[in-house]
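In: below are the sequence and a predicted model for it; my questions follow.
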Amino acid sequence: MFLLATLWSHTAFAHAQQGAAVGFFTGFWHPISGLDHVLAMVAVGLWGAQLGPPAIWLLPVSFPMVMALGGMMGLLGVRLPGIEYGIAGSAILLGSAVMLDLRPPVAVAALLVGFFAIFHGHAHGTELPPNQSALLYSMGFVIATGCLHGVGIGIGAIHRWAWGARVVRVAGTLVALGGVFFMWKAFS
Amino acid sequence: MKAAGNPHWTAYAFLSAVVALWSGPAAAHLNATGMGPIYDGTTHFLLSPEDLVPVLALALFSGQRGAPFGRRTLFVLPAAWLLGGLVGLSARTASGSLIGSALWFLLLGGLLATDAKLSLPATTVLALALGLYGGYLNGTGMGPAESATLSLFGLSLSIFAVVALAAALVVPLRAYWARIAVRVAGSWIAASGILMFGWAARARL
């Protein structure tokens, strides 16, 4: 009951800075509201957990920063072709990397993750609603992204057991299949 | 019933009744009285992310560098904030810009994320600069000087408490994952700063 009440509650408007809470929650909700984004971000966490240190923290650290860069490009109106393909492709490639338990050098993994983060950030940047608290929206947006990576890392932590490694690879397969679906949607 | 016959008890009861009947209105609720200038300053800081987050980032960074850095920031930052605020009170007008906040987010978040090996004097200069900048902007935005000085004092106390708690939390961290978590927090702050740049630039286009 408590959980339901918490999840169903509306914004309080309890402070002097009206709209601040709305800005934070709008930003927080934005990355979570699109399954294509969710899949890729969880895959980043899964892959980081699979690769172990230092990738386990390097990938989730590099993704939000490069994604924010992509978001800035979107906000500034910089055109980037094939956004939807890039997002779907990120789920396919990152999911496949987890599925196949690929272990490239950390720099290569970080570059790959950073490359796709640009697409995700750009898509979010062009969709940012006007009249929000820029500061709180940005914070909510980045925190939600980081939490999605955290979910991936949390699931990926079972990788240390043999059965867990198999479950993680199955999860990677599901992410890749989701990516194929979104790629099909992007083409149709 | 033996107590009822005690003359001291009767005197205490009489005195209590007199005090209770003569007491004025408590005005204990915030909607009637406000919180008073010191608490207004304290809560203003805690409810203003553009002030709170950079302070938190610098406190975490100082703690990350070690106890001497934490101690230095603990005293320099609130003092500089108070000084900047007092200077700001005499200024005509100045309003903080989103770009200014974005710069602080990016700089301090970046330092925290990269675990930058900044020297103690450089950290001191950073704390001084942040304090003077943030304090000045707070000072210019405040009302009558009499209560504003107290508000600034409350604000500085609040900064002192936040720095003490955040730096003290990080200084003893030795576990790999715990130190990484602090760096991840830094990357989030820096990423927010990058996005804020975008917002600010879009507003100017």
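Out: Here it is on my side, so go on. Note that the structure is predicted; figures quoted are calculated from it, not measured.
In: what's in contact with stretch B:165-179?
Out: Identification of contacts with stretch B:165-179 by Cβ atoms under 8 Å, 6 or more residues apart in numbering or on different chains yields A:53, B:56, B:59-60, B:62-64, B:66-67, B:69-70, B:73-74, B:115, B:182. Placement of C-beta: from N, CA and C, glycine included.
In: ok, for B:A113, nearest residue in space, not its chain neighbours?
Out: Nearest-residue entry for B:A113: B:G186, 3.6 Å, with adjacent residues in sequence omitted and distances by Cβ to Cβ, 6 or more residues apart in numbering or on different chains.
In: quick revisit: just among the contacts of stretch B:165-179, which is most surrounded?
Out: B:S62 (31 neighbours; other Cβ atoms under 10 Å in any protein chain shown).
In: could you report the separation of the residue nearest the centre of chain B from B:S187?
Out: Chain B has B:I159 as the residue nearest its centroid, 3.1 Å off, counting by Cα atoms, centre = their mean. When distance is defined by Cβ to Cβ, to the nearest Å, B:I159 is 23 Å away from B:S187.
In: any weak-confidence spans in the chain?
Out: Assuming you mean chain A. Across chain A, residues meeting the criterion (pLDDT under 70) sit at A:6-22, A:130-132.
In: if you could check chain B rather than the one you did, that'd help
Out: Segments of chain B classed as low confidence (criterion: pLDDT under 70) are B:1-7, B:26-35, B:92-96, B:143-145, B:205.
In: the spatially most central residue of chain A - nearest residue in space that isn't next to it in sequence?
Out: Ranked by distance to the mean C-alpha position of chain A (Cα atoms, centre = their mean), the top residue is A:M41 at 3.0 Å. Across the structure, with Cβ to Cβ, 6+ apart as the measure, the residue nearest A:M41 apart from its sequence neighbours is A:L148 (3.8 Å).
In: ditto for A:M72
Out: Counting by Cβ to Cβ, 6+ apart, the nearest residue to A:M72 once its immediate chain neighbours are dropped is B:G198, at 3.4 Å.
In: so the one you found makes contact with A:G74?
Out: Yes: contact between B:G198 and A:G74 holds when scored by Cβ atoms under 8 Å: they sit 7.5 Å apart.
In: tell me, what's touching these two both at once?
Out: Residues touching both B:G198 and A:G74 comprise A:G125, with contact defined as Cβ under 8 Å, 6+ apart.
In: just checking, A:F182 touches A:G86?
Out: No: using Cβ under 8 Å, A:F182 makes no contact with A:G86, being 10.7 Å away.
In: would you mind naming what in chain A lies close to chain B?
Out: A:15-17, A:20, A:53, A:57, A:60-62, A:64-65, A:67-69, A:71-77, A:125, A:128, A:134-139, A:141-143, A:145-146 (Cβ under 8 Å from any Cβ of the partner chain).
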